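S.K.: structure for the following, please:
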Amino acid sequence: MLTKTEKIWMDGKLVNWDDAKIHVLTHTLHYGLGAFEGIRCYNAKKGPAVFRLDEHVERLFNSAKIFLLDIPYTKAEIKKAILDTIKANKLKECYIRPLVYIGYGAMGIYPKGNPINVVIAVWPWGAYLGDEALEKGIKIKTSSFIRNHVNSQMSRGKICGYYVNSQIAKKEAITGGYDEALLLDAEGYVSEGSGENIFIVRNGQLKTTPLTSILEGITRDSIMKIAEDLGIGTVEQRFTRDELYISDEAFFTGTAAEITPIRELDGRKIGEGKAGAITKKIQSIFFDAVKGKNKKYEKWLTYVK
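M.R.: This next block holds a predicted model:
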């Protein structure tokens with residue numbers, strides 16, 4: 001359940017949590033076209049800090065551009081609004097959800113003249129898949145549902161309606177006794193999780209799905225930079241689920257999932273069936289980075305002042 005906070009930013013104003021309401025005929029509620037981001041603020045060494053704020057806001061605006069949503073604020077205004085919302089709620093750590101949506105007005109597929117609204121909510125949130133998952137890893141299942149084709153739903157956008165696909169895949173996995181789903185692309189290659197990018201480790205090298213049918217993950221990019229600094233190569237290349245079966249290690253990445261090891265896929269143990277050495281090393285450096293304990297990655301943090 002969400003932990004209620006005090007204020008939500010709505011179209012330029014901080015309003016009380018319980019007053020942050022929309023009309024039931026809001027266009028995005030019916031047709032699913034809206035852009036959003038998931039961002040984290042960590043209680044870092046020098047105080048609360050948002051991880052890769054610039055990149056997240058850039059992706060939000062890119063998502064809106066792809067789908068012709070004209071955000072009525074500048075990037076600088078949205079960044080400030082995010083920081084102001086965290087401060088208003090007196091939070092040291094939180095999850096941040098900016099949402100761009102088509103508001104109340106015309107109904108029907110074409111929302112002629114409807115306003116474009118923006119909200120920003122923040123709330124305390126721990127490990128998405130659980131603290132134990134971060135340490136011991138999770139069991140996942142290849143979904144019977146495929147990731148949407150790139151010419152059906154453009155994968156560079158982080159769009160509300162896309163996550164119907166993710167929801168049914170995750171429900172199927174949870175119902176079957178697994179922790180998360182793995183989705184394949186339209187040609188049968190590994191794509192990503194319901195809300196995460198994926199990496200495998202083989203022979204000391206990382207491999208991850210190329211930017212075809214997947215979201216351009218910001219945590220994914222961070223892990224590739226950390227791996228490079230460790231002298232570990234990363235190959236962006238399509239791979240099949242049976243290659244994942246025989247990988248030495250595997251893990252999910254994402255703002256919510258952070259770095260979550262995968263210990264089992266489709267009843268097959270991955271590596272030794274626990275978080276591997278490379279996964280743990282990258283995970284350790286990542287958490288040091290977001291907590292402001294590694295000067296090399298200080299540039300990724302925007303402090304809430």
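
S.K.: spatially nearest residue to residue 268, not counting backbone neighbours?
M.R.: residue 245 (4.7 Å; Cβ to Cβ, 6 or more residues apart in numbering). (Glycine included, C-beta is placed from N, CA and C.)

S.K.: burial count for that neighbour?
M.R.: 16 (other Cβ atoms under 10 Å).

S.K.: and if you look at the one 3 residues further on?
M.R.: By other Cβ under 10 Å, the residues close to residue 248 number 17.

S.K.: what's the answer for residue 271, then?
M.R.: Quick note: residue 271 (other Cβ under 10 Å) scores 22 neighbours.

S.K.: quick one, what contacts the residue nearest to residue 268?
M.R.: When contacts are counted by Cβ atoms under 8 Å, 6 or more residues apart in numbering, residue 245 touches 265-266, 268, 270.

S.K.: are any of those residues buried, and if so which?
M.R.: Buried members of those, scored by 16 or more other Cβ atoms under 10 Å, are 265, 270.

S.K.: would you reformat the contacts of residue 245 as a markdown table and include pLDDT and secondary structure?
M.R.: As requested, these are exported to a markdown table (pLDDT from 0 to 100; DSSP: H, G, I helix; E, B strand; the rest coil):
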| residue | pLDDT | secondary structure |
| --- | --- | --- |
| 265 | 98 | strand |
| 266 | 98 | coil |
| 268 | 98 | strand |
| 270 | 97 | coil |
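
S.K.: save the contacts of residue 245 as TSV, and put in distance to residue 204 too.
M.R.: Listed next are those as TSV, based on distance: Cβ to Cβ, whole Å:
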residue	distance to residue 204
265	20
266	24
268	21
270	16
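
S.K.: looking at the contacts of residue 245, which is nearest residue 19?
M.R.: residue 265 (45.0 Å; Cβ to Cβ).

S.K.: so the closest one touches residue 143, yeah?
M.R.: No: with contact defined as Cβ atoms under 8 Å, residue 265 and residue 143 do not form a contacting pair (11.4 Å).

S.K.: buried residues, the lowest-mean-pLDDT helix or strand in the chain. List them.
M.R.: Within the chain, judged by mean pLDDT, DSSP states H and E, the helix or strand with the poorest mean is helix 131-136; its value is a mean of 86. By neighbour count, with 16+ other Cβ under 10 Å as the criterion, the buried positions of helix 131-136 are 133-134.

S.K.: circling back to that earlier point, from the contacts of residue 245, pick the one nearest residue 36.
M.R.: Scanning those for proximity to residue 36, where the rule is Cβ to Cβ, the winner is residue 265, at 28.5 Å.

S.K.: thinking again about what came up before, chain center to the least confident helix or strand of the chain, what's the gap?
M.R.: 18 Å (Cα atoms, centre = their mean, to the nearest Å).

S.K.: CA atoms only for it - export them in CSV, please.
M.R.: These are the backbone C-alpha positions of helix 131-136, laid out as CSV (Å, rounded to 0.1, in the frame of the first residue of the first chain):
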residue,chain,number,x,y,z
ASP,A,131,14.7,-6.7,0.7
GLU,A,132,15.3,-10.5,0.6
ALA,A,133,15.1,-10.3,-3.2
LEU,A,134,18.0,-7.9,-3.4
GLU,A,135,20.1,-10.2,-1.3
LYS,A,136,19.1,-13.7,-2.4
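
S.K.: after that helix comes which helix or strand?
M.R.: strand 138-142 (DSSP states H and E).

S.K.: and the contacts of that following strand?
M.R.: 129, 172-173, 176-184, 193, 241, 252, 260-266.

S.K.: now do stretch 289-305
M.R.: Contacting residues not belonging to stretch 289-305 are listed as 40-54, 79, 83, 86-87, 222, 226, 229, 285, 288 [Cβ under 8 Å, 6+ apart].

S.K.: so which bits of stretch 94-107 are buried?
M.R.: Under 16+ other Cβ under 10 Å, the buried positions of stretch 94-107 are 94-104.

S.K.: how about stretch 53-71?
M.R.: Under 16+ other Cβ under 10 Å, the buried positions of stretch 53-71 are 53, 55-57, 59-61, 63-64, 67, 69, 71.

S.K.: now that stretch - C-alpha only, PDB.
M.R.: Output in PDB follows, covering the C-alpha atoms of stretch 53-71 (Å, rounded to 0.1, in the frame of the first residue of the first chain):
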ATOM      1  CA  LEU A  53      17.300  13.600 -12.100                       C
ATOM      2  CA  ASP A  54      18.400  15.200 -15.400                       C
ATOM      3  CA  GLU A  55      18.200  11.900 -17.300                       C
ATOM      4  CA  HIS A  56      14.700  11.100 -15.900                       C
ATOM      5  CA  VAL A  57      13.300  14.500 -16.800                       C
ATOM      6  CA  GLU A  58      14.800  14.200 -20.300                       C
ATOM      7  CA  ARG A  59      13.200  10.800 -20.800                       C
ATOM      8  CA  LEU A  60       9.800  12.200 -19.600                       C
ATOM      9  CA  PHE A  61      10.000  15.000 -22.200                       C
ATOM     10  CA  ASN A  62      11.200  12.500 -24.900                       C
ATOM     11  CA  SER A  63       8.200  10.200 -24.100                       C
ATOM     12  CA  ALA A  64       5.900  13.200 -24.400                       C
ATOM     13  CA  LYS A  65       7.500  14.300 -27.700                       C
ATOM     14  CA  ILE A  66       7.100  10.900 -29.300                       C
ATOM     15  CA  PHE A  67       3.400  10.900 -28.500                       C
ATOM     16  CA  LEU A  68       2.800  14.600 -29.300                       C
ATOM     17  CA  LEU A  69       2.000  15.600 -25.700                       C
ATOM     18  CA  ASP A  70       3.000  19.200 -25.300                       C
ATOM     19  CA  ILE A  71       4.200  19.600 -21.700                       C
END
